[in-house]
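Peer 1: Using only what follows, build the 3D model:
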Amino acid sequence: MIKTTVVPIVCSILILPALVTADSLAPEHTGMTRAVAVMHPTAGHEVRGIVTFTKTADGVRVQASIKGLTPGKHGFHIHQYGDCSAADGTSAGGHFNPHGADHGGPSADSRHAGDLGNLDANESGDANYDRVDHHLSLVGHDSIIGRAVIIHAHADDLTSQPTGGAGPRVACGVIGSAKE
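Peer 2: Coordinates of the predicted model:
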């Protein structure tokens with residue numbers, strides 16, 4: 001009987017510190033201020049680059065440097081799952097939309113949180129993006145950490161539901177915490 005009583009007490013003592021440690025490392029407790037997504041091409045494409053997310057006083061600054069696109073505009077979104085395992089990027093799911101809003105442009109008052117608009121690639125296939133977004137968060141329930149950034153083959157028209165008609169996915173990258 002002593003053995004039966006001692007084992008649960010020992011297990012409780014060992015598990016409690018692990019739970020406290022895991023909870024204390026959750027993003028909402030770390031004061032996370034920076035995240036990054038390394039973009040990899042989907043099957044048949046050559047698109048690569050880096051997208052960074054930095055917390056500012058006004059929102060989250062999104063900066064992207066992308067290479068290998070066809071010239072012109074390309075839909076640029078955060079998708080609901082941080083899963084780039086499917087060859088075509090569809091494992092990342094749909095646009096990140098925690099509040100059930102309609103699709104829209106990045107400046108719209110009501111839009112999917114993941115609606116970042118378009119990248120505009122030059123004749124060499126290079127695109128840069130830099131804007132502060134007021135709908136994104138690096139912590140809490142609406143955090144983008146662990147979700148995916150998707151770049152599409154075509155322009156997002158910013159109005160068609162539910163995705164803006166941006167076509168196939170040409171690159172995917174999972175958003176992870178970055179060194180401060």
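
Peer 1: got the residue ranges for the helices in this protein?
Peer 2: Read by DSSP state H, the chain holds these helices, from start to end of the chain: 2-24, 27-30.

Peer 1: ok, of these, where does mean pLDDT dip lowest?
Peer 2: Lowest mean pLDDT of the helices of the chain: helix 2-24, a mean of 41.

Peer 1: low pLDDT regions in the protein?
Peer 2: Low-confidence regions of the chain, defined by pLDDT under 70, span residues 1-30.

Peer 1: how about the strands in it?
Peer 2: For the chain, the strands defined by DSSP state E cover 34-41, 48-56, 59-67, 72-79, 115-121, 127-133, 148-152, 169-177.

Peer 1: the domain parsing of this protein - what is it?
Peer 2: According to the domain assignment given by automatic domain parsing, the chain is divided into the following structural domains: 1-30, 31-177.

Peer 1: Let's have these in CSV, adding mean neighbour count.
Peer 2: Just so you know, the C-beta spots here come from the backbone N, C-alpha and C atoms, and that holds for glycine as well. Converted to CSV, the domains of the chain look like this (neighbours: other C-beta atoms under 10 Å):
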stretch, mean neighbour count
domain 1-30, 9
domain 31-177, 18
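
Peer 1: Contacts only, for the residue nearest to residue 170 when sequence neighbours are not counted.
Peer 2: Distances taken as C-beta to C-beta, 6 or more residues apart in numbering put residue 45 closest to residue 170, at 4.3 Å, once the chain neighbours are dropped. Residues in contact with residue 45 (C-beta atoms under 8 Å, 6 or more residues apart in numbering) are 68, 170, 171.

Peer 1: Find the nearest non-adjacent residue to the last one, please.
Peer 2: What it means is residue 171. In space, not counting the residues next to it along the chain, residue 171 is nearest to residue 47; the distance is 3.8 Å by C-beta to C-beta, 6+ apart.

Peer 1: Distance check, residue 178 against residue 145.
Peer 2: The span separating residue 178 from residue 145 equals 10 Å under the rule C-beta to C-beta, to the nearest Å.
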